[in-house]
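Asker: How does the following fold in three dimensions:
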Amino acid sequence: MLKILSCLKVYFIRNSSNYLGVILTIIILPCVVFLSCYYTKTSKYKDVIAVVDSNNELTEYLNKQNIQYDLKESKPSEDELFMRKYSGLIYKAGAVYKGISYSGEKNQERLDSIINYSYEPEEILNGGYPEAFYLSLCILLIQAVINMKIFVDDRRNSIIGRMNVIGVSTYQYLFSMILFNWVTMSIPYGIANVVFNRIFFKSNLETDIKVLAICILTTGFFAIIAMGICVLATDNSSTIMIGNIIACFTAILSGMFGTVKSKELTIVSNFMPQRLCYMWAKKSLVQGNIINSFLVLICMVCLLVYVLSNMIYRKNTLYS
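Answerer: Now for the predicted structure:
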């Protein structure tokens with residue numbers, strides 16, 4: 001353990017010269033968390049619904065639920081639809097009301113719940129924070145890969161051989177590198193999430209503790225994934241670039257920037273690291289129990305990636 005801590009101390013000293021990594025960690029990473037929370041808070045449920053032939057009961061319900069709407073005498077015109085003025089329409093068809101969504105299936109479910117007077121905004125259920133957390137994950141794996149610059153420099157200079165001579169084993173070396181990456185990211189990322197969750201979503205102390213635990217475990221997970229990526233990418237001159245491409249690709253494939261409609265891609269999407277962490281965070285905050293099936297799956301992936309990284313790195317250094 002002392003050898004691991006000694007390595008960790010050296011990494012922090014060396015990382016002070018990695019200006020890009022330091023800037024991303026201290027400035028850009030918290031800024032991304034802030035923008036994610038701000039976007040989620042300001043964009044949710046601000047769409048305007050067109051309502052035709054509304055009665056007093058429906059109008060009162062819309063006002064009570066703080067839903068923005070326009071009372072109209074007829075359905076929206078083609079120009080209004082083209083300009084995306086309304087996200088949906090509620091109109092009277094005979095004796096009942098019906099809804100038409102102009103912005104996807106999720107909004108259709110929202111309209112149906114409004115008509116049935118069973119609408120519950122997500123802010124009430126989970127504060128909207130899981131969605132903000134999901135958006136902030138887009139930069140986290142990129143950050144984790146950039147922090148692996150020290151690992152790439154060590155591999156380029158065959159440092160592992162010297163480490164073995166002074167008694168540091170390969171698994172201790174890799175674990176210390178993961179620990180360095182974990183600590184470097186978890187402190188600013190965790191603090192930023194707790195602070196901005198409290199500011200934007202009015203969280204309480206219990207939620208803050210859960211959010212901090214989620215952020216700490218998530219950064220550890222991403223640190224291990226980054227290690228696996230950099231071990232597989234053996235070309236030292238392009239390891240960071242390849243790692244960032246993979247990080248961006250997994251973020252897109254996870255459905256972070258749009259719904260994945262293909263059934264095959266949906267299955268793959270559910271196993272992307274960003275998606276796993278999002279589903280774990282959402283289930284933890286909604287149901288109140290951090291220890292669930294998603295956490296078990298994340299731990300299994302961590303163990304598998306770490307073991308494979310050790311095996312592959314040992315093999316690569318043996319034949320290099």
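Asker: Tell me which helix or strand comes right after the worst-scoring helix or strand of the chain on mean pLDDT.
Answerer: Least confident helix or strand of the chain, by mean pLDDT, DSSP states H and E, is helix 122-126 with a mean of 47. Downstream of helix 122-126, the first helix or strand assigned by DSSP states H and E is helix 129-146.
Asker: Next, the angle from the helix or strand just after that next one to helix 129-146.
Answerer: Downstream of helix 129-146, the first helix or strand assigned by DSSP H and E is helix 149-156. In terms of direction (axes from the mean of the first three to the mean of the last three Cα atoms, to 10 degrees), helix 149-156 departs from helix 129-146 by 30 degrees.
Asker: Enumerate the positions of helix 149-156 that are buried.
Answerer: 149-152, 154-155 (16 or more other Cβ atoms under 10 Å). Every residue, glycine included, has its C-beta placed from N, CA and C.
Asker: One more: stretch 151-171?
Answerer: For stretch 151-171, by 16+ other Cβ under 10 Å, it's 151-152, 154-155, 160, 163, 168, 170.
Asker: Give me the contact list for stretch 162-173.
Answerer: Contact with stretch 162-173 is made by 3-4, 7, 160, 310, 313-314, 317, as judged by Cβ atoms under 8 Å, 6 or more residues apart in numbering.
Asker: Mind putting these into a markdown table with pLDDT and distance to Glu206?
Answerer: Shown next, in a markdown table, are the contacts of stretch 162-173 (pLDDT from 0 to 100; distance: Cβ to Cβ, whole Å):
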| residue | pLDDT | distance to Glu206 |
| --- | --- | --- |
| Lys3 | 80 | 38 |
| Ile4 | 82 | 33 |
| Cys7 | 82 | 36 |
| Ile160 | 85 | 44 |
| Asn310 | 91 | 38 |
| Tyr313 | 89 | 41 |
| Arg314 | 88 | 44 |
| Thr317 | 80 | 46 |
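Asker: Can you tell me which of those residues end up in helices?
Answerer: 3-4, 7, 160, 310, 313-314, 317 (DSSP state H).
Asker: Give me the buried stretch members for the helix ranked longest in the chain, please.
Answerer: Ranked by residue count and defined by DSSP H, the top helix of the chain is helix 170-201. By 16+ other Cβ under 10 Å, the buried positions in helix 170-201 come out as 170, 172-186, 188-190, 192-198, 200-201.
Asker: How about Gly255, nearest residue that isn't a chain neighbour?
Answerer: Nearest residue to Gly255, sequence neighbours excluded (Cβ to Cβ, 6 or more residues apart in numbering): Ser269, at 4.9 Å.
Asker: Tell me if I'm right that that neighbour and Ala251 touch.
Answerer: No. Using Cβ atoms under 8 Å, Ser269 is not in contact with Ala251; the gap is 10.8 Å.
Asker: And these two? Which one has more around it.
Answerer: Per other Cβ atoms under 10 Å, whichever of Ser269 and Ala251 has more neighbours is Ala251, with 23 against 19.
Asker: Roughly how far does that one sit from Ile242?
Answerer: 15 Å (Cβ to Cβ, to the nearest Å).
Asker: residue contacts, Ala251?
Answerer: 137-138, 141, 257, 272, 274.
Asker: ok, of these, which one's closest to Val33?
Answerer: Leu137 (10.0 Å; Cβ to Cβ).
Asker: residues near that closest one, how many?
Answerer: Leu137: 24 neighbours (other Cβ under 10 Å).
Asker: Just among the ones in helices among the contacts of stretch 162-173, which is most surrounded?
Answerer: That'd be Tyr313 among those, by other Cβ under 10 Å, with 23 neighbours.
Asker: I'd assumed Ile49 was in contact with Gln68.
Answerer: Yes. Applying Cβ under 8 Å as the test, Gln68 and Ile49 come out as touching, 7.1 Å apart.
Asker: quick one: which of these two has more around it?
Answerer: Ile49 (21 against 12).
Asker: For that one, give me its contacts.
Answerer: Per Cβ under 8 Å, 6+ apart, neighbours of Ile49: 62, 67-70, 86-90, 111, 114.
Asker: Secondary structure, distance to Asn56 and pLDDT added to those, as a markdown table?
Answerer: Converted to a markdown table, the contacts of Ile49 look like this (DSSP: H, G, I helix; E, B strand; the rest coil; distance: Cβ to Cβ, whole Å; pLDDT from 0 to 100):
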| residue | secondary structure | distance to Asn56 | pLDDT |
| --- | --- | --- | --- |
| Leu62 | helix | 11 | 84 |
| Ile67 | coil | 16 | 81 |
| Gln68 | coil | 18 | 81 |
| Tyr69 | strand | 14 | 85 |
| Asp70 | strand | 17 | 88 |
| Tyr86 | coil | 22 | 84 |
| Ser87 | coil | 23 | 82 |
| Gly88 | strand | 21 | 87 |
| Leu89 | strand | 19 | 90 |
| Ile90 | strand | 14 | 91 |
| Leu111 | helix | 19 | 86 |
| Ile114 | helix | 15 | 87 |
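Asker: Return the closest of those residues with respect to Glu206.
Answerer: Nearest member of the contacts of Ile49 to Glu206, counting by Cβ to Cβ, is Ile67, at 29.2 Å.
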